[in-house]
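> Everything below, folded, please.
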Amino acid sequence: MFLGEYEYRVDAKGRLPLPTRFREQLKTGLVLASGPEKCIVAYPPAEWQKVAGELTGGVVLASKLRRLRRALFSSAMDLELDAQGRIALPHLLRESADIRDEAVIVGVNDYFEIWNKEDWRVEKEASTRQVWQIIESIERH
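Modelled structure (predicted):
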């Protein structure tokens with residue numbers, strides 16, 4: 001599982017260190033893509049395959065699903081960690097998430113997100129305010 005919140009500096013070459021506790025799960029690499037919010041989502045390859053499988057079922061796809069697939073898969077990139085446990089954030093993804101010299105890595109169970117520090121502060125505040133409303137609105141089975 002990917003858990004926790006970590007702040008890091010992005011170096012001049014766009015390299016971002018990953019939390020030490022995440023690295024074992026990423027030995028085979030990772031897939032980055034633009035997230036639905038203004039962030040970058042990062043998946044281990046096996047989890048990415050699950051996401052891809054959920055989006056590629058069916059013979060005829062609705063236009064909304066085709067649009068979602070285009071947006072997600074066209075931004076996706078395979079990466080590997082370097083010897084220091086860093087990834088080189090692709091320029092287009094950094095730009096779409098407005099990540100410059102600081103980033104926040106947020107564990108989200110089976111994947112993690114990479115945020116601009118200020119955007120994460122705003123999202124975290126909104127999520128914290130709404131968490132109990134969301135919990136109460138989820139139907140129990």
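> What lies in contact with stretch 47-60?
With C-beta atoms under 8 Å, 6 or more residues apart in numbering as the test, stretch 47-60 has contacts from 30-31, 43, 65, 68-69, 72-73, 76, 110-111. For glycine as for every other residue, the C-beta is placed from the backbone atoms N, C-alpha and C.
> Going along the chain, name the strands of this structure.
For the chain, the strands defined by DSSP state E cover 5-9, 15-17, 30-34, 40-43, 77-79, 86-88, 102-107, 112-116.
> Who are the packing partners of the first one?
This points to strand 5-9. strand 102-107, helix 117-137 (3 or more C-beta pairs under 8 Å, 6 or more residues apart in numbering; DSSP states H and E).
> buried sites along the last one?
To tie it back to what came earlier, the one meant is helix 117-137. For helix 117-137, a neighbour-count test (16 or more other C-beta atoms under 10 Å) marks 119-120, 123 as buried.
> Just the closest of the residues you listed to Leu18, please.
Trp120 (16.0 Å; C-beta to C-beta).
> Show me what the helix or strand of the chain with the lowest mean pLDDT is packed against.
The helix or strand of the chain with the poorest confidence is helix 63-75; it has a mean of 86 (mean pLDDT, DSSP states H and E). Packing contacts for helix 63-75, counted by 3+ C-beta pairs under 8 Å, 6+ apart, involve strand 30-34, helix 45-55, helix 91-96.
> re earlier: how about the strands of the chain in TSV, adding mean pLDDT, distance to Ile135 and mean neighbour count?
Formatted as TSV, those follow (pLDDT from 0 to 100; distance: least, C-beta to C-beta, whole Å; neighbours: other C-beta atoms under 10 Å):
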stretch	mean pLDDT	distance to Ile135	mean neighbour count
strand 5-9	98	20	14
strand 15-17	98	32	18
strand 30-34	97	28	20
strand 40-43	98	23	24
strand 77-79	96	34	13
strand 86-88	98	33	18
strand 102-107	98	19	20
strand 112-116	98	20	24
